[in-house]
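1. Just a sequence and a predicted model for now, questions to come.
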Amino acid sequence: MTKDNSALPADVTAAATDPATDPGPRSLAELEARLARDLDVLALPPADWVPARDGVLDVAIVGAGMAGLTAAFALRKVGISNIRLFDRAPAGREGPWATYARMETLRSPKTLTGPALGFANLTFRAWFEAQFGPAAWEALHRIPRLQWLDYLNWYRRVTNPPVQNDTALTAISGDADGVMLDLVGPEGPRRVRARRVILANGRDGLGGPFVPSFWRAVDKRFWSHAHEPVGFAALKGKSVAVLGAGAGAVDNAAEALEHGAAKVYMLVRRAELPRINKGLGAGHPGMVLGFHAQSDERRWAYNQYIAETGVPAPHNSMLRCSRHPNFALLTHCPIEAAEPDGDRLVLRTGRGMVTVDHVILATGFAVDWAQRPELAEIARHTLLWRDRYVLAGREESDFALHPYLGADFEFLERSPGEAPWLNRIHAFNYAAVLSHGKVTGDIPGISAGAERLADSITAALFTEDYDHHWQRLVEFDTPELLGDEWTEAEDFQ
């Protein structure tokens with residue numbers, strides 16, 4: 001439908017149709033003023049409406065990275081502000097960006113709005129242009145990794161959630177009325193009670209690095225996992241093998257090369273390196289908003305297909321490695337054995353023998369409850385996908401241990417009645433991908449996921465407090481008419 005601007009003055013019409021007439025904010029201060037204006041015009045955030053319970057949070061969020069911050073702002077947008085976020089990392093270091101993420105730039109297109117929740121002045125683009133200008137934006141190909149962290153730190157500052165850093169979850173339990181979090185932080189151990197809990201604890205939220213059983217028997221001095229600290233400086237002049245076919249493998253190989261490794265082998269089990277990112281083929285609102293409503297068969301098939309076809313490394317990341325003449329990529333090269341030879345490790349592979357100084361396992365993450373002892377009570381009671389749906393011959397799929405989540409991202413009981421508090425905990429982390437798709441940690445869908453989660457928690461809290469809201473309605477007695485606005489007629493005339 002074409003907008004009719006014929007009734008507007010010419011200068012207003014030009015401004016409405018030519019974005020070049022508004023160059024945008026020229027500083028972060030100007031951008032923040034515009035964002036404040038947006039919120040004011042929209043009357044956001046609304047007043048709190050949830051009745052307070054002494055000493056009880058309405059929502060506790062475990063994790064203050066992108067997912068936790070977005071969920072917190074989505075809750076405040078619907079008038080739920082009695083919340084608190086807890087993160088084990090120091091302030092400004094939340095998430096993977098300054099630790100195990102080693103890519104030069106994000107793989108996501110720079111135009112994605114990410115955690116902005118519909119606010120143009122809260123996007124990365126607005127933040128970037130306010131500091132560097134529109135021309136720099138046009139010249140930018142991909143978002144530098146640490147610049148994305150800078151943006152998230154700004155996002156935290158302007159949305160101002162109550163975060164407690166350096167605070168780790170040590171246990172979680174509950175009853176029919178709430179959830180208890182055992183935490184340890186700078187002030188020592190303590191317990192926090194909340195009506196709802198959001199686990200926004202990232203890619204490894206319900207597990208940790210995946211280490212093939214074969215490698216657990218190899219002396220740890222010979223290998224590192226890509227998602228733990230790797231002493232790259234010590235690899236200068238050494239030969240290194242990186243195991244894996246995805247972005248993590250390429251990023252770690254590049255780090256080793258750039259730190260002066262004499263030779264870096266990237267060893268891939270597959271017959272060829274994945275080339276097509278199948279996930280991009282479903283990057284549209286239909287998948288973001290409709291995936292969770294599909295049948296178990298469809299959700300399982302979609303995720304399994306992506307896993308089996310593989311996700312390739314980004315184009316620029318691959319070039320980061322191949323520009324080095326001492327980089328070698330070998331496909332169809334599974335590791336069959338690893339044996340120490342003095343201070344070096346001899347690898348027997350499907351393509352012959354090679355001796356290296358160090359191996360980096362870029363084997364990704366797994367839902368592995370044993371690596372999360374603080375979630376033992378959830379693990380003991382929660383319904384898993386293997387309990388609800390497993391295709392014949394797929395019992396060993398990595399997805400079998402994923403939680404089978406309800407429509408509101410909530411954990412469900414394996415045996416109804418044994419843990420009535422379980423559905424008060426919402427998985428807003430990677431482990432939700434099988435049930436809900438990529439709306440809990442990936443930049444393209446994070447806002448949609450956070451808003452759906454906030455809507456669900458809003459409905460749940462209102463339902464629990466319905467009697468309070470009913471009584472409040474009955475007792476409401478602020479008149480709009482005082483009785484002196486009219487004179488009642490004495491009769492029909």
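-> Here it is on my side, so go on. Numbering: from 1, shown residues only.
2. Got the phi and psi for Ile83?
-> phi -130, psi 160 (degrees, to the nearest 10).
3. Quick one: residues contacting it.
-> Counting by CB atoms under 8 Å, 6 or more residues apart in numbering, Ile83 makes contact with Leu57, Asp58, Val59, Ala60, Ile61, Ala72, Leu75, Arg76, Pro161, Pro162. The C-beta positions use only the backbone N, C-alpha and C, and glycine is treated the same way.
4. what secondary structure does the closest residue to His324 other than its chain neighbours sit in?
-> Using CB to CB, 6 or more residues apart in numbering and skipping residues adjacent in sequence, the residue nearest His324 is Leu257, 4.5 Å away. Classification of Leu257 by DSSP: H, G, I helix; E, B strand; the rest coil places it in helix.
5. Please look at Leu257 and Cys321 and confirm they touch.
-> Yes. In terms of CB atoms under 8 Å, Leu257 counts as a neighbour of Cys321; the distance is 6.5 Å.
6. Need the residues touching each of these two.
-> Val264, Phe327.
7. neighbours of Ala337, just the number please.
-> By other CB atoms under 10 Å, 11 other residues sit near Ala337.
8. likewise the one 4 residues further on?
-> When neighbours are defined as other CB under 10 Å, Asp341 has 8 of them.
9. Which two among the contacts of Ile83 are spaced furthest apart?
-> Ala60 and Arg76 (14.6 Å; CB to CB).
10. Please identify which of the two sits among more neighbours.
-> More crowded of Ala60 and Arg76, by other CB under 10 Å: Ala60, with 26 against 19.
11. Checking my notes, the more buried one in a helix, right?
-> No. When three-state DSSP is applied, Ala60 is found to be strand, with no helix at that position.
12. For it, list each beta-bridge partner.
-> Arg84, Val197 (DSSP bridges).
13. Can you give me the separation between it and Pro161?
-> 12 Å (CB to CB, to the nearest Å).
14. hmm, back to that, need the contact list for the residue nearest to His324.
-> Applying CB under 8 Å, 6+ apart, the residues near Leu257 are Val264, Cys321, His324, Asn326, Phe327.
15. try Gly310
-> Neighbours of Gly310 in contact, by CB under 8 Å, 6+ apart: Ala245, Gly246, Arg270, Pro274.
16. State the helix or strand in which the residue nearest the centre of the chain lies.
-> Taking CA atoms, centre = their mean, the centroid of the chain lies closest to Gly441, which sits 2.1 Å from it. Using DSSP states H and E, Gly441 maps to neither a helix nor a strand.
17. Torsion angles phi and psi at it?
-> Residue torsions, per degrees, to the nearest 10, at Gly441 are phi -160, psi -20.
18. Same check on the one 4 residues further on?
-> Note on Gly445: its backbone torsions stand at phi -110, psi 10 [degrees, to the nearest 10].
19. Kindly report the same for the one 5 residues further on.
-> Per-residue torsions, Ala450: phi -70, psi -40 (degrees, to the nearest 10).
20. what about it, distance to Ala460?
-> From Ala450 over to Ala460 (counting by CB to CB), the distance is 16 Å.
21. So which of these two has more stuff around it?
-> Ala450 (28 against 17).
22. What about the contacts of Gly310, which one has the most neighbours?
-> Going by other CB under 10 Å, Ala245 tops the contacts of Gly310 with 23 neighbours.
23. if I pick that residue, what's in contact with it?
-> Val268, Arg269, Arg270, Leu273, Pro274, Gly310, Pro312, Ala313.
24. can you tell me which of these are in strands?
-> When DSSP state E is applied, these are split such that none fall in strands.
25. okay, those in CSV with pLDDT next?
-> Output for the contacts of Ala245, formatted as CSV (pLDDT from 0 to 100):
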residue, pLDDT
Val268, 97
Arg269, 94
Arg270, 94
Leu273, 93
Pro274, 92
Gly310, 90
Pro312, 93
Ala313, 94
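26. Please identify which of these is nearest to Ser27.
-> Ala313 (36.7 Å).
27. so who does the closest one touch?
-> Ala245, Gly246, Ala247, Ala249, Val250, Asp251.
28. The fifth one sits in which helix or strand?
-> With elements taken from DSSP H and E, the one containing Val250 is helix 247-258.
29. Now do the domain split for this protein, please.
-> Domain segmentation of the chain under automatic domain parsing yields 44-107+142-206+367-467, 211-275+312-363.
30. Make TSV from those and add distance to Phe119 to it.
-> Below are those laid out as TSV (distance: least, CB to CB, whole Å):
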stretch	distance to Phe119
domain 44-107+142-206+367-467	9
domain 211-275+312-363	28
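31. wait, which of those is closest to Glu480?
-> Closest among those, once you apply CB to CB, is domain 44-107+142-206+367-467, at 19.0 Å.
32. tell me how far the ends of stretch 406-426 are from each other?
-> 9 Å (CA to CA, to the nearest Å).
33. do stretch 90-100 as well
-> Stretch 90-100 end-to-end distance (CA to CA) = 15 Å.
34. try stretch 24-33
-> End residues of stretch 24-33 are separated by 12 Å (CA to CA).
35. where along the stretch 351-493 of the chain do the strands fall?
-> For the stretch 351-493 of the chain, applying DSSP state E, counting those that start in this stretch gives strands covering 352-356, 358-361, 365-367, 425-427.
36. ok, Tyr155 - contacts?
-> Contacts of Tyr155 by CB under 8 Å, 6+ apart are Leu69, Pro115, Leu122, Trp127.
37. Could you list the buried residues of the strand or helix carrying the last one?
-> Going back to what we said before, that points to Trp127. Element membership for Trp127, per DSSP H and E: helix 124-132. For helix 124-132, the neighbour count (16 or more other CB atoms under 10 Å) marks Phe124, Arg125, Ala126, Trp127, Phe128, Glu129, Ala130 as buried.
38. can you give me the strands for the stretch 201-350 of the chain?
-> Counting by DSSP E, counting those that start in this stretch, the strands of the stretch 201-350 of the chain are 207-209, 223-225, 239-243, 263-267, 327-330, 335-341, 344-349.
39. So which elements touch the fifth one?
-> Judged by 3 or more CB pairs under 8 Å, 6 or more residues apart in numbering; DSSP states H and E, the packing partners of strand 327-330 are strand 263-267, helix 315-322.
40. what's the closest of these to Val197?
-> helix 315-322 (35.8 Å).
41. OK, contacts around Glu104?
-> Here Glu104 is in contact with Pro144, Arg145, Ala254, Asn316, Ser317, Arg320 (criterion: CB under 8 Å, 6+ apart).
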